[in-house]
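Colleague: Sequence isn't available, so here's the structure alone:
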């Protein structure tokens, strides 16, 4: 027999009355302490409204506009590096390469936006705000921290990370685009981004052989390359930047390709 069955009717009524009174007391205390009513679990102070993820359809236009936005992230970063003269010392020789890469990204953005317009969409001609806010601005803050002795090297490391981020974004887009032609266009641009990353990787870690096309010695023609699977990994990108601590370890940032909240939907404008 349960404990409740051992209680008399009078005792049950008394327990109920205490419960009701206790609830009313807690409610009054909540009002006095400034607890605001909310559909969420009650908490002291005001409860901020939840921001739902953008629920727009993920179309070819949205995917291409998102890719274009990352091109502008790279353009803005390279422009800042060039204009502020952040490549000094042994890295000063990379200034011409930075300009070349910047110009490549300008061409990529124009090509992608041309595809967007051809599909009936609106060109997106500015950087991805979420990528800038979450990754690029914190990275630049670390790089320009007073006492950082590796500003130029860190700039190259950031550029390398952004080129890899762009490559991975295009790789992810390739599997989602509905048109074979669009997929081919995306892969050709990703090829350029990957080449940028290879050049910058060799600057950061010199001594490795270049990755390039091979030629058939008998015919003099380029060999056909076949990739059996994905042409690169899709994973988070970690980069160490800024002033090292007492143990010589720099702060680390982790970058991810655009998520649902980072896609450039039809209603997103510059």
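Modeller: In hand now; what should we look at? It should be emphasised that the depicted structure is a prediction, and the values quoted were computed from it without experimental measurement.
Colleague: Would you map the strands across the chain?
Modeller: Using DSSP state E, the strands found in the chain span residues 237-240, 252-255.
Colleague: Out of those, the one nearest residue 66 is which?
Modeller: Smallest distance to residue 66 across those (CB to CB): 15.0 Å, for strand 252-255. No exception for glycine: its C-beta is placed from N, CA and C like everyone else's.
Colleague: Report the separation between residue 248 and residue 160.
Modeller: Residue 248 sits 20 Å away from residue 160, going by CB to CB, to the nearest Å.
Colleague: What separation do you get for residue 246 and residue 153?
Modeller: 20 Å.
Colleague: Pick out whichever of these two has more residues nearby.
Modeller: More crowded of residue 246 and residue 153, by other CB atoms under 10 Å: residue 153, with 18 against 5.
Colleague: need the contact list for the more buried one.
Modeller: Neighbouring residues of residue 153 by CB atoms under 8 Å, 6 or more residues apart in numbering: 91, 204.
Colleague: What separation is there between it and residue 122?
Modeller: From residue 153 to residue 122 the distance is 39 Å (CB to CB).
Colleague: now do residue 235
Modeller: 32 Å.
Colleague: Which of the two has more residues huddled nearby?
Modeller: Neighbours were counted for residue 235 and for residue 122 using other CB under 10 Å; residue 122 has more, 14 against 10.
Colleague: Isn't the more buried one up against residue 68?
Modeller: No - using CB atoms under 8 Å, residue 122 makes no contact with residue 68, being 10.7 Å away.
Colleague: which residues are in contact with both of these two?
Modeller: Counting by CB under 8 Å, 6+ apart, the contacts common to residue 122 and residue 68 are residue 116.
Colleague: show me the contacts for the closest residue to residue 69 other than its chain neighbours.
Modeller: Nearest residue to residue 69, sequence neighbours excluded (CB to CB, 6 or more residues apart in numbering): residue 128, at 3.7 Å. Neighbouring residues of residue 128 by CB under 8 Å, 6+ apart: 66, 69-70, 72-73, 258, 262, 264.
Colleague: and the gap between the nearest residue in space to residue 187 that is not next to it in sequence and residue 184?
Modeller: Excluding its sequence neighbours, the residue lying closest to residue 187 (CB to CB, 6+ apart) is residue 174, at 5.8 Å. Noted for residue 174: a distance of 9 Å to residue 184, by CB to CB.
Colleague: And for residue 176?
Modeller: Counting by CB to CB, the gap from residue 176 to residue 184 is 14 Å.
Colleague: Comparing the two, which shows the higher neighbour count?
Modeller: residue 176 (14 against 11).
Colleague: Need the phi and psi values for that one.
Modeller: Taking degrees, to the nearest 10, you get phi -110, psi -20 for the backbone angles of residue 176.
Colleague: so it touches residue 61, yeah?
Modeller: No - using CB under 8 Å, residue 176 makes no contact with residue 61, being 11.9 Å away.
Colleague: And for residue 252, the neighbour number?
Modeller: Neighbourhood size, residue 252 [other CB under 10 Å]: 11.
Colleague: whoops, residue 265 was the one
Modeller: Neighbours of residue 265 (other CB under 10 Å): 17.
Colleague: Distance-wise, check the residue nearest to it when sequence neighbours are not counted relative to residue 157.
Modeller: In this structure, residue 265 finds its nearest non-sequential neighbour in residue 56, 3.8 Å apart by CB to CB, 6+ apart. Per CB to CB, residue 56 is found 34 Å from residue 157.
Colleague: Comparing the two, which shows the higher neighbour count?
Modeller: Set residue 56 next to residue 157 and count neighbours by other CB under 10 Å: residue 157 wins out with 22 against 14.
Colleague: ok, the more buried one - contacts?
Modeller: Residue 157 sits next to 204, 239-241 when contact means CB under 8 Å, 6+ apart.
Colleague: Can you check the pLDDT for residue 236?
Modeller: On pLDDT, residue 236 comes in at 87.
Colleague: Oops, could you answer that again for residue 270 instead?
Modeller: pLDDT recorded at residue 270 is 92.
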